[in-house]
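[1] all I have is the shape, not the residue letters:
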């Protein structure tokens, strides 16, 4: 979303009518956003897989019920959704 603001300064009158620099910057930023979303999605899938395999069960050992309620998204039974 930040590129919306930066693109105002990249569409210069001297680049008219094709505005190669402005269009290129918007394309690069859009690709970067897609890569970030894909990386985040991959991370969430990997984290959910670890929770399924029991690799996060150490977080609930030797804890009281109150402590279990306070760990919220760190609880091994919590699953991320996208």
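    Received the coordinates, thanks. Predicted, not measured: the structure shown is a model, and the values here were computed from it.

[2] need the longest helix for the chain.
    helix 20-53 (DSSP state H).

[3] quick check, distance from that helix to the centre of its chain.
    Offset of helix 20-53 from its chain centre (C-alpha atoms, centre = their mean, to the nearest Å): 6 Å.

[4] cool, stretch 69-82 as well?
    In this view, stretch 69-82 has its centroid 17 Å away from the chain centroid, taken as C-alpha atoms, centre = their mean.

[5] can you give me the buried ones in that stretch?
    The neighbour-count check on stretch 69-82 (16 or more other C-beta atoms under 10 Å) flags 75-76 as buried. Bear in mind the C-beta positions are built from the backbone N, C-alpha and C, glycine included.

[6] what do you get for stretch 12-30?
    Residues of stretch 12-30 classed as buried: 19, 22, 25-26, 29 (neighbour count, 16+ other C-beta under 10 Å).

[7] again, but for stretch 27-40
    Residues residue 29 are the ones in stretch 27-40 that count as buried (16+ other C-beta under 10 Å).

[8] before we move on, what about stretch 54-73?
    Across stretch 54-73, burial judged by 16+ other C-beta under 10 Å covers residue 56.

[9] contacts made by it with the rest, please.
    With contact meaning C-beta atoms under 8 Å, 6 or more residues apart in numbering, stretch 54-73 is reached by 50, 74-76, 78.
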